[in-house]
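Engineer: My questions concern the predicted model and sequence given below.
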Amino acid sequence: MNNNIRGITHIAFFNPQANFDRNDSHLAEHPDFGGQLVYVKELAKAMGELGIQVDIITRLINDEKWREFSEQFDFYPDAPNVRIVRIPFAGNQFLRKEDLWDYLPEYVDGIYRFYESEGSFPEFVTTHYGDGGVSGVLFMKRTTIPFSFTAHSLGAWKRDKLIAIGCDEEEIEKKYKFSIRTCAENLALKYASFVVCSTTQERYEQYSHKAYMCNPYDDKFKVIPPGINHKIFNTRESEIDLLMEKYIEEKLSKAPLNRQRLPFVLMSSRIDKKKNHISVVKAFLNDEQLLSSANLFIILRGIDDIEKFAYENDTEEARILKEIIDIAKAEIGRSIFFANISDQITLASFYRVCAKRGSVFVLPATYEPFGLAIIEAAACGLKLVATKNGGPVEILSGGEGLLIDPDDIKDISSKLYISLTQFTNEKSLLLANRYSWKNTAFAYLQNMMNCPVREQNIDDREIETFYRLIKPIQ
């Protein structure tokens with residue numbers, strides 16, 4: 001067929017495990033509430049502003065600890081064309097995304113029944129992460145409705161990195177279900193109308209992994225950078241900034257007077273081993289020149305008493321914080337500080353106040369698929385230092401910031417000091433202007449309308465392979 005898809009007015013986003021709600025509850029507190037959630041929410045809202053009716057199809061949970069996700073419908077107050085639709089499947093309790101694979105056919109059945117009850121279906125589906133991708137395959141087999149696939153990250157690369165640092169293959173397979181995830185990703189890659197990559201590096205390097213049966217040089221691969229919310233992340237002063245200045249002053253009140261006006265090195269990633277906070281802490285402590293030139297601020301969410309949390313919990317986040325406390329105890333409250341930042345508006349205010357001091361934002365992850373946080377920080381006037389592994393290489397290709405080897409403590413400390421003492425934020429601000437969700441939404445819609453309608457005869461044997469992999473989980 002040479003026809004094109006036309007007349008896109010209604011789009012569904014498939015996100016079985018990303019638990020959306022109007023208040024962004026638990027955002028960045030848990031691996032299932034990370035950057036992918038922000039990406040989908042902002043893209044959906046941008047499409048809504050262009051007049052598209054958008055449904056974010058996720059999971060209904062009746063769990064006392066997760067009450068925010070117990071109603072069938074939800075919404076964002078500033079996005080009248082976007083609704084959150086929660087499908088009941090996989091029981092009532094909250095489950096990690098890795099524990100939902102077995103229930104995805106139930107998820108897709110629920111979506112089909114929902115739209116059947118409404119009397120109309122979306123013209124196009126955009127799917128996210130491997131579980132959303134394979135759900136798009138199953139839904140298309142039932143309805144012929146085409147879909148796009150945005151992986152955000154690929155399971156085979158995560159598996160390789162975990163093995164490289166000495167993790168047991170059987171243990172990580174049991175925890176992360178990589179065989180299922182890779183199968184799901186391959187199905188999504190094969191049957192998607194187009195595949196969205198955030199950078200050319202992601203397109204040509206990530207999808208060249210031997211685990212994936214695809215050709216990244218195929219025209220179905222589209223490079224569409226994500227955007228940022230410029231209504232939130234900007235350099236315009238707001239009333240909250242005065243409160244933020246007082247909050248920061250209070251945090252610094254017990255520090256020596258000569259340290260209270262120093263600029264900051266900031267980290268605001270989720271506390272996760274791959275985000276590599278510990279390397280920046282070591283770089284900061286082991287370089288006298290850097291230590292005397294700045295304070296280190298580590299941004300958390302929902303944690304006020306760091307020591308209590310670290311020593312009374314047995315989670316990855318607690319273990320990482322305990323390691324930081326153990327090696328930096330003498331400097332905590334003197335040159336190393338923690339901020340409890342609960343939402344994006346407050347985070348942007350924190351960035352703006354710190355930018356006035358000439359502060360530096362650092363993203364030291366061992367690998368970062370894109371690096372949206374870099375652009376958000378840049379939009380608020382912060383200088384930039386980021387990992388050389390992944391998307392930041394492309395984001396900072398014009399010299400807007402410095403790239404570091406996340407495994408090299410001396411390289412990290414050196415680049416942080418150079419950024420603090422020799423860089424301005426002019427290029428950071430120019431960088432931020434290049435990224436907007438409106439541009440991202442336009443690119444998605446253009447590809448939806450112009451991509452060829454493919455004859456998609458889904459091979460039942462491939463679906464059965466996926467079913468055989470998920471059955472042992474039952």
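Structural biologist: Yes, it's here. Numbers count the residues shown, from 1 in each chain.
Engineer: Please, where are all the strands along this protein?
Structural biologist: 10-14, 53-60, 73-75, 82-88, 124-128, 147-150, 194-197, 221-223, 264-267, 295-300, 336-340, 360-363, 383-387, 402-404 (DSSP state E).
Engineer: Including distance to residue 174 and mean pLDDT, could these go into a markdown table?
Structural biologist: Any C-beta I mention is one placed from the backbone N, CA and C, and that applies to glycine too. Output for the strands of the chain, formatted as a markdown table (distance: least, Cβ to Cβ, whole Å; pLDDT from 0 to 100):
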| stretch | distance to residue 174 | mean pLDDT |
| --- | --- | --- |
| strand 10-14 | 26 | 98 |
| strand 53-60 | 23 | 97 |
| strand 73-75 | 33 | 96 |
| strand 82-88 | 27 | 97 |
| strand 124-128 | 25 | 97 |
| strand 147-150 | 26 | 97 |
| strand 194-197 | 29 | 96 |
| strand 221-223 | 32 | 97 |
| strand 264-267 | 31 | 98 |
| strand 295-300 | 29 | 96 |
| strand 336-340 | 33 | 96 |
| strand 360-363 | 30 | 98 |
| strand 383-387 | 29 | 97 |
| strand 402-404 | 33 | 97 |
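Engineer: Would you reformat those as a markdown table and include distance to residue 247 and mean neighbour count?
Structural biologist: Below are the strands of the chain laid out as a markdown table (distance: least, Cβ to Cβ, whole Å; neighbours: other Cβ atoms under 10 Å):
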| stretch | distance to residue 247 | mean neighbour count |
| --- | --- | --- |
| strand 10-14 | 35 | 24 |
| strand 53-60 | 33 | 23 |
| strand 73-75 | 30 | 14 |
| strand 82-88 | 31 | 20 |
| strand 124-128 | 34 | 27 |
| strand 147-150 | 36 | 26 |
| strand 194-197 | 38 | 23 |
| strand 221-223 | 39 | 17 |
| strand 264-267 | 13 | 26 |
| strand 295-300 | 11 | 23 |
| strand 336-340 | 8 | 20 |
| strand 360-363 | 18 | 28 |
| strand 383-387 | 22 | 27 |
| strand 402-404 | 28 | 23 |
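Engineer: looking at those, which is closest to residue 100?
Structural biologist: strand 53-60 (7.6 Å; Cβ to Cβ).
Engineer: Residue 275 contacts residue 298, doesn't it?
Structural biologist: No: using Cβ atoms under 8 Å, residue 275 makes no contact with residue 298, being 10.7 Å away.
Engineer: And residue 212, its phi and psi?
Structural biologist: phi -110, psi 130 (degrees, to the nearest 10).
Engineer: Just the pLDDT at it, thanks.
Structural biologist: pLDDT recorded at residue 212 is 97.
Engineer: List the contacts of it.
Structural biologist: The contact partners of residue 212, taken as Cβ atoms under 8 Å, 6 or more residues apart in numbering, are 154, 156, 182, 185, 186, 189.
Engineer: got the contact list for the fifth one?
Structural biologist: In this structure, residue 186 makes contact with 211, 212, 213, 214, judged by Cβ under 8 Å, 6+ apart.
Engineer: now do the fourth one
Structural biologist: Residue 185 is in contact with 130, 133, 134, 151, 154, 155, 156, 212, counting by Cβ under 8 Å, 6+ apart.
Engineer: Quick check: neighbours shared by residue 275 and residue 298?
Structural biologist: Common neighbours of residue 275 and residue 298 (Cβ under 8 Å, 6+ apart) are residue 267.
Engineer: Tell me who's in contact with the closest residue to residue 253 other than its chain neighbours.
Structural biologist: Nearest in space to residue 253, with sequence neighbours left out and distances taken as Cβ to Cβ, 6 or more residues apart in numbering, is residue 260 at 7.9 Å. Counting by Cβ under 8 Å, 6+ apart, residue 260 touches 249, 252, 253.
Engineer: and of those, the nearest to residue 464?
Structural biologist: residue 252 (61.1 Å).
Engineer: Now do the same contact list for the closest one.
Structural biologist: Per Cβ under 8 Å, 6+ apart, neighbours of residue 252: 259, 260, 295, 337.
Engineer: I'd say the last one and residue 294 touch.
Structural biologist: No: using Cβ under 8 Å, residue 337 makes no contact with residue 294, being 11.3 Å away.
Engineer: For residue 264, see how far away residue 44 is.
Structural biologist: 33 Å (Cβ to Cβ, to the nearest Å).
Engineer: sorry, that was for residue 130
Structural biologist: 37 Å.
Engineer: thinking residue 60 is in contact with residue 90, fair?
Structural biologist: No: the pair residue 60 / residue 90 is not scored as a contact, 9.6 Å apart, by Cβ under 8 Å.
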